[in-house]
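>>> Turn this into a structure:
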Amino acid sequence: MADIAHQAASRGASRKRAANGHSLPPLSAAPIGQWRALADRAIEANGYYQPDWELAVDASARGRAGAKALSAFSDAGQLIGILPVMPMRRIYRIPLPALVGAEPYGTLCTPLLDRDAAEDATAKLLRQARSVGAHALILRTMSLEGPAMAAIRAALARDGLHPRLLSSYRRAALDATRDADELLRDALGAKKLKELRRQRNRLAEHGAVRFDVARTPRAVAAALETFLALEAGGWKGKRGTALGQHAGDAAFIRRATSAMAEIGRCEIVTLHAGGTPVAAGIVLRHQDRAFFFKIGIDERFAKWSPGTQLTLDLTRHLCADPMIASADSTAAPGHPMIDPIWRARFAIGDVLIPLRRRDPLVPAIHAALTVNNLAYDAARAVRRLIRSRLSRSG
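A predicted model of the protein is given here:
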């Protein structure tokens, strides 16, 4: 009887480990050459799931290291799909058997799917998730209207399944196929542009205003240190969330930007007033899309809108590049700086993907996520209210 009980306990432990994704290979074991080739032919761009970026995240970024790999291979052994994942228990502190797309420090978790086999790749990713005991797959900040989501819907439909939308919003993007000056006139209007020119002239009183683009690994490494100093000197530094303030995050961003610059997929843009850098931003590239990762400013110059001035120059830079068709702002909804400038929009959302038909655990997973999101929104509203009252009292 003891042996039978031990065997049952072992089977239960094995199922628990499987549901938590422990039987999946670590992301670091994914074949990086095949991963790079897949990124080149992915049906939809995601700069943050390129291997040189995501492996740097996985190695040391706070709260984001140690992901597992859902991967799909063709019959010939070619990698045709990849999605970094973590167990639901780790992300949400909810002990239910689901896997969650790993957040790559860039708020976009669209999986990389081979454009010539996207539906097959999706079916194999879902099959692998199912085989390790997961009952659902949760894709946070997923591109909702692109070809990757279309492939996911088609693969689910084969099994009589449908995705469940948990939340959505429309994120600012740049249509880089347009003439930059025309785009900015349409977005901001003559009066606002005149005010921004006045602010730029005031900024120039501190020295000639210059927009620089670092592309080579050496130039990117130097520009990154400028960015880190600017970010740490601003509000993120005061909150303790600047990248350079934490050893793991600093190691991640130095490794990621260096590796991406080596293959021509990272730029750091900097705005100077004379010899003083007043704003800097990190930009990734993937296929014909750019990704505006982060921005840092010198708040001593805040009255002259250095972040906006940098974004205007970046807009002109991207619109002038024939290799770039669009740019993702990577911004929260309603962002006060970039939403008025980049007026294109695309849908982003969190999606729950059931892995079995009529699975009684899926409604439980859905309900748990709904409660979690409501609690998060409530806490965020309370924090906003507290900050507002403190600012008024101060």
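>>> Now do the buried residues in stretch 153-173.
By neighbour count with 16 or more other CB atoms under 10 Å, stretch 153-173 contains the buried residues 153, 155-156, 161, 163-164, 166, 170-173. Any C-beta I mention is one placed from the backbone N, CA and C, and that applies to glycine too.
>>> correction: stretch 40-56
For stretch 40-56, a neighbour-count test (16+ other CB under 10 Å) marks 42-56 as buried.
>>> Same question for stretch 329-342.
So stretch 329-342, judged by 16+ other CB under 10 Å, has buried residues 329-331, 337-339, 341-342.
>>> Not counting its own residues, what contacts it?
106-108, 169-174, 184, 187-188, 192, 291-294, 307-308, 311-312, 315, 327 (CB atoms under 8 Å, 6 or more residues apart in numbering).
>>> now with 7 Å?
With CB atoms under 7 Å, 6 or more residues apart in numbering as the test, stretch 329-342 has contacts from 106-107, 169-174, 187-188, 291-293, 307-308, 311, 315.
>>> Pull it out as CSV, backbone CA atoms only.
Extracted in CSV, the C-alpha atoms of stretch 329-342 (Å, rounded to 0.1, in the frame of the first residue of the first chain):
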residue,chain,number,x,y,z
SER,A,329,5.6,53.3,-29.5
THR,A,330,5.6,50.6,-26.8
ALA,A,331,3.7,53.1,-24.8
ALA,A,332,0.8,52.8,-22.3
PRO,A,333,-2.6,53.8,-23.6
GLY,A,334,-3.2,57.5,-23.6
HIS,A,335,0.4,58.4,-23.2
PRO,A,336,0.5,62.2,-23.0
MET,A,337,3.6,62.7,-25.0
ILE,A,338,3.6,60.3,-27.9
ASP,A,339,-0.2,59.7,-28.5
PRO,A,340,-0.6,63.3,-30.0
ILE,A,341,2.4,62.8,-32.3
TRP,A,342,2.1,59.2,-33.5
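>>> pLDDT on that stretch, on average?
Here stretch 329-342 scores 96 as its mean pLDDT.
>>> and what of stretch 299-318?
So the average pLDDT for stretch 299-318 ends up being 97.
>>> Figure out how far it is from the centre of its chain.
Here stretch 299-318 is found 22 Å from its chain centre; the criterion is CA atoms, centre = their mean, to the nearest Å.
>>> Could you identify the most distant pair in the buried residues of stretch 329-342?
The largest separation in these, counting by CB to CB, is between 330 and 341 at 14.1 Å.
>>> Please enumerate the strands of the stretch 251-394 of the chain.
Secondary structure of the stretch 251-394 of the chain, counting by DSSP state E, counting those that start in this stretch: strands at 266-273, 276-286, 289-297, 326-328, 344-354.
>>> Could you say which one of those strands comes nearest to residue 128?
It is, among those and with distance given as CB to CB, strand 344-354, at 12.9 Å.
>>> what helices or strands is that closest one leaning on?
Judged by 3 or more CB pairs under 7 Å, 6 or more residues apart in numbering; DSSP states H and E, strand 344-354 is in contact with strand 136-143, strand 164-175, helix 361-393.
>>> mean pLDDT for the ones you listed: which is lowest?
The weakest mean pLDDT among the helices and strands packed on strand 344-354 belongs to helix 361-393, with a mean of 72.
>>> Cool, thanks, signing off.
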